[in-house]
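Visitor: Any chance you can model this:
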Amino acid sequence: MQCSRKEYIEDKIEKLNSNLTVFKLNDTYHLKQKHVYCPECYSKDINEKGYYSRGILLMDYGLVDCKIKRYKCKHCGNDFSADISSIVKPNFTVSNEVLDIVETYYSIDFTSVRKIREFFEKVHGIKISHQEIQDILVDYHIHFNPNIKEYSGYYAFDALWIKIKEISDKYVFLLALVDVCHDTIVAYKVVEHETEEEVLKFLKEATSNQERKAITTDLKPEYMSPINALGFKHQFCKFHFKQNNNRIIRKYVKDNNLPEEKIKEYKKFLPELYEIYDVKTQTEVAKIVKNLKKKINDFPEVIQYIINEKLAPYFKNLTYFLENAKIESTSNIIERIFEDLAPKHVKKCYKTIKGFLSRFNLKLKRWDERNAIY
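Guide: Coordinates of the predicted model:
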C-alpha cells in the first residue's frame, strides 16, 4: 500500500529528526518538538509561542511549506524555536539531505552548476535554483585537519597556480604539502607570491611538531634554501631533472643558431649521465660523477655545463631515494593529486578565496575517502 503525500512527508521529516512531531494543516506542515527544554538554562518549564513560516526543499519531493513552533522559557525568558538543524541549516531552504548530494555530486564529477540543477530536476524531480547550488558550494567549509596524528616525515611539495579575483588579477599560488606515506595533502595555503619567504613560512608551520625527514620537489630555486634551512633531505624530482636537461639543450641550440639536428645529437649523451639512477647507493653515484668529471672534455659544451652545474653539485639531492624507499624519486604523487582536485579542463578564475577553498575542500574530502592511508 502506497503512502499518501501527507504520510510520506510526515514520515520523512520524523525520520530525519526523531524528536519532532509533524502534522498537516491547510497544506502546511507544522513541526513541534516532542521533548522541549531551554537550550540556554535547560529548564523544561516552557511556554509555546506560536509558529514561524519557512520552506524546506526535501529530497525526492521538492519545496514543502512548513511552520516551526516557537517557545519561551519561563525560567530565563529565552525565546527559541523547535530544533530542525538536523533537517536544514539556518538561513537555508535546501535540506541537509539535498545539500549533501550537491556536495558529493560536485566532488565526484567536477560538474557545472547548470548540470547539477538539471540532474536534480530530471533524476529526482525537484527544482533547485542556480543560486542555491552556488550558495551550497561556496558555503561548504571543513576545518582542514587530516585524520593523521603523526606525519611520516616524508613529503612531496609543490605549488598550483590559480586565479582568484579577490586577491589579484594575476595568478596566485596554492602551496600544498603531501605526506607520501599517507597519500594525502596534510597542509595547504593560498599565497600571492611563491617566494622563499612564503615557502619557508608555510613548510615551517605545516611540519611544526612533526618529523622532517625528506621532501621531494621539482627544481624551482626558491624551494632549495627553505628546505635546507628546515633540515629536510631535499630530493630533486628525477623526471624534472631530465626535463630540465632537455630544455637546456634546446635553449643552447637556439641561442647558438645551431641546426635542430644538434638537439638529437646532444641528447645521445644524456643516458650516460642518467646511470646515476641505475645503481643502489650514493657511494656508487659519487664514483659515476667522478668518472664523468674526469672525462669532461669528451662531452660537448652543453653537456659539460649540465654535468658541472646541474649534476655534480647536486648528485645527493638527485639520488637520496636510492638508499631510502620511503623517499619519492619524483613529485608525481602531488601532481596526480593536483590533477584530480583541480584538473586543467575545469581550472578557472574564481571570484573569492572562500569560493575556491570551499570547492577544493570538497574535492579533497572525496580524494581522502578514496585514497588516503590512515
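
Visitor: Just give me how far the host helix or strand of Leu31 sits from the chain centre.
Guide: According to DSSP states H and E, Leu31 maps onto strand 28-33. Its chain's C-alpha centre and that of strand 28-33 lie 40 Å apart, by CA atoms, centre = their mean, to the nearest Å.

Visitor: relative orientation of whichever helix or strand comes after it and strand 28-33 in degrees?
Guide: Going down the chain from strand 28-33, the next helix or strand is strand 46-58, by DSSP H and E. With axes from the mean of the first three to the mean of the last three CA atoms, to 10 degrees as the basis, strand 46-58 and strand 28-33 are set at 130 degrees to each other.

Visitor: Any buried residues in the following helix or strand past strand 46-58, and which?
Guide: The helix or strand immediately downstream of strand 46-58 is strand 62-73, counting by DSSP H and E. Under the neighbour-count criterion of 16 or more other CB atoms under 10 Å, strand 62-73 has 64, 66-69, 71, 73 buried. C-betas here are computed from N, CA, C, even on glycine.

Visitor: Can you lay out those residues as JSON lines showing distance to Lys127?
Guide: Shown next, in JSON lines, are these (distance: CB to CB, whole Å):
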{"residue": "Val64", "distance to Lys127": "13"}
{"residue": "Cys66", "distance to Lys127": "17"}
{"residue": "Lys67", "distance to Lys127": "22"}
{"residue": "Ile68", "distance to Lys127": "23"}
{"residue": "Lys69", "distance to Lys127": "28"}
{"residue": "Tyr71", "distance to Lys127": "33"}
{"residue": "Cys73", "distance to Lys127": "39"}
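
Visitor: per-residue confidence for Ile116?
Guide: Here, the pLDDT recorded for Ile116 equals 84.

Visitor: host element of the residue nearest to it when sequence neighbours are not counted?
Guide: Distances taken as CB to CB, 6 or more residues apart in numbering place Ile133 nearest to Ile116, at 5.3 Å, with adjacent residues excluded. Ile133 belongs to helix 130-139 when assigned by DSSP H and E.

Visitor: which residues in the chain form strands?
Guide: 20-25, 28-33, 46-58, 62-73, 79-81, 154-164, 171-179, 184-191, 214-217, 233-236, 349-350 (DSSP state E).

Visitor: For Asp100, which of those is the nearest?
Guide: Asp100 sits nearest to strand 46-58 of all the strands of the chain, at 12.7 Å, using CB to CB.

Visitor: For the strand holding Leu31, which strands pair with it and how are they oriented?
Guide: strand 20-25 (antiparallel), strand 62-73 (parallel) (DSSP bridges).

Visitor: wait, which of those strands is closest to Ser329?
Guide: When the strands paired with strand 28-33 are ranked by proximity to Ser329 (CB to CB), strand 62-73 comes first, at 54.3 Å.

Visitor: export the closest one as CSV, just CAs?
Guide: Output of strand 62-73 as CSV, limited to C-alpha atoms (Å, rounded to 0.1, in the frame of the first residue of the first chain):
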residue,chain,number,x,y,z
GLY,A,62,10.5,19.4,-3.5
LEU,A,63,9.7,22.5,-1.7
VAL,A,64,7.4,22.0,1.4
ASP,A,65,5.7,24.8,3.2
CYS,A,66,6.3,24.4,7.0
LYS,A,67,5.6,26.2,10.2
ILE,A,68,8.1,25.8,13.0
LYS,A,69,6.9,26.0,16.7
ARG,A,70,8.3,28.8,18.8
TYR,A,71,8.9,28.6,22.6
LYS,A,72,9.7,30.8,25.5
CYS,A,73,11.5,29.7,28.7
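
Visitor: mean confidence score for that strand?
Guide: Mean pLDDT, taken over the full extent of strand 62-73, equals 94.

Visitor: try stretch 150-159
Guide: 94.

Visitor: before we move on, the earlier item: give the contact list for the residue nearest to Ile116.
Guide: 102, 113, 116-117 (CB atoms under 8 Å, 6 or more residues apart in numbering).

Visitor: Show me the shaky parts of the stretch 151-300 of the chain.
Guide: Of all residues in the stretch 151-300 of the chain, none has pLDDT under 70.

Visitor: Which parts of it are helices?
Guide: Under the criterion DSSP state H, counting those that start in this stretch, helices of the stretch 151-300 of the chain are mapped to 196-206, 221-229, 238-255, 261-267, 270-273, 282-294.

Visitor: what about Glu14, how many residues close to it?
Guide: For Glu14, the neighbour count with other CB atoms under 10 Å is 15.

Visitor: so it makes contact with Leu31?
Guide: No: judged on CB atoms under 8 Å, Glu14 makes no contact with Leu31 at a distance of 9.4 Å.

Visitor: Need the overlap of contacts for these two.
Guide: Common neighbours of Glu14 and Leu31 (CB under 8 Å, 6+ apart) are 20-22.

Visitor: what's the closest of those to Lys254?
Guide: Among the shared contacts of Glu14 and Leu31, and counting by CB to CB, the member closest to Lys254 is Leu20, at 72.9 Å.

Visitor: list the contacts for Lys262?
Guide: Taking CB under 8 Å, 6+ apart, we find Lys262 in contact with Val253.

Visitor: Any figure for the gap between it and Thr281?
Guide: 35 Å (CB to CB, to the nearest Å).

Visitor: The closest residue to Asp65 other than its chain neighbours pairs with what?
Guide: Nearest residue to Asp65 in three dimensions, chain neighbours excluded: Thr28, at 4.7 Å (CB to CB, 6+ apart). Beta bridges link Thr28 to Leu25, judged by DSSP bridges.
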